[in-house]
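Asks: got a predicted structure plus its sequence, pasted below:
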Amino acid sequence: MTLLMALRVALEALGRNKMRTALTMLGMIIGVGAVIAMIALGAGAQSSIEAQIQAAGTNVIIVSAGNFVSGGVRLGQGAASTLVPEDAAAIAQLPGVQYVAAGINTRAQIVAGNMNWNTQVQGTDVDLPLIQTWQIERGAFFTPQDVATAAKVAVVGAVVRDQLWGPGYDPTGEVIRVAQQPFTVVGVLAGKGQSAMGQDRDDVVMVPYTTVMKKLRGTTSVSAITISAASAAQVNAVSSRIADQLRARHRIQPGDPDDFMVRTIEEMASVRKEATQTMTALLAGIAGVSLLVGGIGIMNIMLVSVAERTREIGLRLAIGARGRDVLLQFLAEAVVLSLVGGAIGIAMGVGLSRAVTYWMSWPTAVSADSVALAFGFSAATGVFFGFYPARRAAALDPIDALRFE
């Protein structure tokens with residue numbers, strides 16, 4: 001029996017009971033579709049993180065406040081108040097440092113006329129747009145003089161502009177109230193999208209960090225310092241110099257823990273990428289259980305089919321069919337079930353991925369490798385779970401098979 005004839009006979013046999021065939025393929029369809037969708041979600045998340053890293057720049061270094069201990073209670077990272085503006089000024093003098101921006105954030109209700117919006121108020125310095133390559137859509141960023149005098153000026157993000165005045169409006173010169181204090185809007189930031197941590201960067205109001213320290217929070221410390229190295233190749237060396245400088249300035253003795261953290265964008269993104277990869281593998285593994293269940297379903301149905309068609313098998317063997325012909329016939333049926341189910345599952349997985357992107361705005365990426373892997377796995381499942389029933393059919397004794405009732 002040729003392979004083409006085996007496939008034709010397999011299709012005819014499967015077509016005799018369409019409902020049973022469809023239900024048998026259902027497990028494979030769901031399994032393959034789920035695997036494709038889960039891998040697409042993971043790949044989309046990873047590509048989004050990589051794009052955000054490129055947009056932020058690979059030479060960005062972030063120094064943030066470290067742990068603080070009070071009465072034996074460890075308050076966690078970010079609780080220390082030892083990071084001060086003078087640290088930022090000292091870092092700016094280090095070799096290999098291009099731009100430096102001290103930062104301190106808070107949240108406040110922003111009021112403009114009869115509209116209001118709760119958002120993040122980011123206190124920063126004039127170098128931040130240069131570090132993050134952030135364009136100004138309207139007006140201008142605040143000046144070093146504004147920072148030195150703790151001026152009440154603000155640059156609003158696109159989301160804040162849209163919520164308070166409407167899309168496309170130029171609010172330059174408008175007065176807004178931030179935590180009940182009047183601020184003059186001097187510019188509007190161009191749209192930037194989400195950060196690597198999933199935060200909408202356009203939902204922000206930027207003001208001089210000195211203004212947040214003195215007039216909004218009443219503190220003398222900053223929570224973070226953002227640095228841009230002169231080149232990506234100098235990031236590690238600059239990070240080491242920053243750590244050494246801060247340890248000396250904060251009088252930290254050898255062996256004592258730092259009261260600050262120095263992290264690069266790549267390090268933070270790498271942690272998130274690893275977490276995403278782990279979650280994707282976990283979800284794909286759970287979805288892969290459906291493939292296993294689908295394969296067991298195929299084996300079960302094929303065993304039932306062998307039992308039902310015992311007399312047919314005996315007749316084929318009696319008129320000259322060889323055992324390998326019977327083996328090929330039933331193996332072809334199992335493979336057809338797997339491949340057709342796998343193809344439908346791939347289409348369902350691609351469709352589900354696009355639906356998730358369309359309706360939930362989650363990034364997805366269906367790769368050719370994942371499609372080939374799912375299709376190959378479905379074929380392998382058909383061969384693996386179909387071989388035993390096919391082998392059992394081929395081993396039947398013709399006389400016993402003809403006597404079977």
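Replies: Received the coordinates, thanks.
Asks: so for stretch 255-275, what's the average pLDDT?
Replies: Averaged over stretch 255-275, pLDDT sits at 74.
Asks: the lengthiest strand in the chain pairs with which strands, parallel or anti?
Replies: Taking DSSP state E as the criterion, the chain has its longest strand at strand 97-112. If you go by DSSP bridges, strand 97-112 pairs up with strand 115-124 (antiparallel), strand 175-178 (antiparallel), strand 224-229 (antiparallel).
Asks: what mean pLDDT does the shortest one have?
Replies: The predicted model gives strand 175-178 an average pLDDT of 96.
Asks: then stretch 129-142?
Replies: The model assigns stretch 129-142 a mean pLDDT of 92.
Asks: just the CA coordinates for stretch 378-388, please, in CSV.
Replies: Only the C-alpha atoms of stretch 378-388 are listed here, as CSV (Å, rounded to 0.1, in the frame of the first residue of the first chain):
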residue,chain,number,x,y,z
SER,A,378,1.1,17.6,16.9
ALA,A,379,2.5,15.3,14.2
ALA,A,380,4.8,13.5,16.7
THR,A,381,1.8,13.1,19.0
GLY,A,382,-0.1,11.4,16.3
VAL,A,383,2.8,9.0,15.6
PHE,A,384,3.5,8.3,19.2
PHE,A,385,0.0,7.7,20.4
GLY,A,386,-1.2,6.1,17.2
PHE,A,387,1.6,3.5,16.9
TYR,A,388,0.4,1.1,19.6
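Asks: can you list contacts of that stretch?
Replies: Residues from elsewhere that reach stretch 378-388 (C-beta atoms under 8 Å, 6 or more residues apart in numbering): 28, 32, 291, 294-296, 298-299, 302-303, 330-331, 333-339, 341-342, 345. Where you see a C-beta, it was placed from the backbone N, CA and C, and this is true even at glycine.
Asks: if we use 7 Å, what do you get?
Replies: Residues outside stretch 378-388 that contact it (C-beta atoms under 7 Å, 6 or more residues apart in numbering): 28, 32, 291, 294-296, 298-299, 302, 330-331, 334-335, 337-339, 341-342.
Asks: what mean pLDDT does it get?
Replies: Stretch 378-388 comes out at a mean pLDDT of 79.
Asks: only the buried residues of stretch 162-178, if you could.
Replies: 162, 163, 164, 165, 171, 174, 176, 178 (16 or more other C-beta atoms under 10 Å).
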